[in-house]
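Visitor: could you work out the structure for the sequence below:
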Amino acid sequence: MKSSNSPGNRDDLILVGKVVGAHGIRGNLKVRSYTESLSVYEAKEGIHAILPDGSIRTMTVDRVWPHGKSLLMNFESVTRRDQAEGLIGTELFVEKDRLPALEEDTYYWFDLVGLRVIDASGTRLGRLVRIIPTSGNDIYVVRGACGGQPQETLIPAIGDVVLSIDLEGGIMTVDLPEGL
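Guide: The predicted structure follows:
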């Protein structure tokens, strides 16, 4: 395991997974992946790992493969179960430029969280603070104020409601359905 005090520019790092268990006796790790593509875990590429004790290491992926709803991963320097167990709770990060390119009108969540949200008439609704995945469509959680009181609005992430997303301007424009 290579150790370092910093995984580089932390603003450029994206959380892509978390070690949730050990698997077998040869140091394999069970990982909850936050990405749809395994390409971010390319073999022989470094993964920035923040261990539960706060230490930071850059680790080299030897192999990664799907396993049910999670994935299994092996690092070159982890060859025993006790080593793998010591990594449970470790968060895994990669540089943004390792993420796959997206199709048009598709966005990474980290690009959306923090956007100002306005309605079609230009009224400010607040900021997108969180995204809730559901089986049908994602839900955007927008926090703002109405009459000086805090307000939270749940907005379905569908084309009829989300009119435009301007990442450079930091604005999402929505047309809220009746009742929201």
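
Visitor: show me what contacts the residue in the chain sticking out farthest from the centre?
Guide: In the chain, the residue that sits farthest from the middle, by CA atoms, centre = their mean, is Gly147; the gap is 33.4 Å. Applying CB atoms under 8 Å, 6 or more residues apart in numbering, we find Gly147 in contact with no residue. (Each C-beta comes from the backbone N, C-alpha and C, glycine too.)

Visitor: roughly how far apart are it and Leu72?
Guide: 52 Å (CB to CB, to the nearest Å).

Visitor: check Lys96 too.
Guide: In this structure, Lys96 and Leu72 are separated by 25 Å, where distance is defined by CB to CB.

Visitor: of those two, who's got more company?
Guide: A side-by-side neighbour count of Lys96 and Leu72, using other CB atoms under 10 Å, places Leu72 first with 17 against 13.

Visitor: contacting residues around that one?
Guide: With CB under 8 Å, 6+ apart as the criterion, the residues that contact Leu72 are 23, 28-31, 64-66.

Visitor: and these as JSON lines, adding neighbour count and pLDDT?
Guide: What follows is the contacts of Leu72, written out as JSON lines (neighbours: other CB atoms under 10 Å; pLDDT from 0 to 100):
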{"residue": "His23", "neighbour count": "18", "pLDDT": "97"}
{"residue": "Asn28", "neighbour count": "23", "pLDDT": "96"}
{"residue": "Leu29", "neighbour count": "27", "pLDDT": "96"}
{"residue": "Lys30", "neighbour count": "19", "pLDDT": "97"}
{"residue": "Val31", "neighbour count": "24", "pLDDT": "95"}
{"residue": "Val64", "neighbour count": "24", "pLDDT": "92"}
{"residue": "Trp65", "neighbour count": "11", "pLDDT": "93"}
{"residue": "Pro66", "neighbour count": "10", "pLDDT": "91"}
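
Visitor: and which of those residues is nearest Asp166?
Guide: Relative to Asp166, the closest of these is Val31; by CB to CB it sits at 34.2 Å.

Visitor: setting aside sequence neighbours, what's the nearest residue to that closest one?
Guide: Leaving aside its sequence neighbours, Val31 sits nearest to Gly17 (CB to CB, 6 or more residues apart in numbering; 4.7 Å).

Visitor: so who does that neighbour touch?
Guide: Counted by CB under 8 Å, 6+ apart, Gly17 has contacts 31-35, 41, 71, 91-92.
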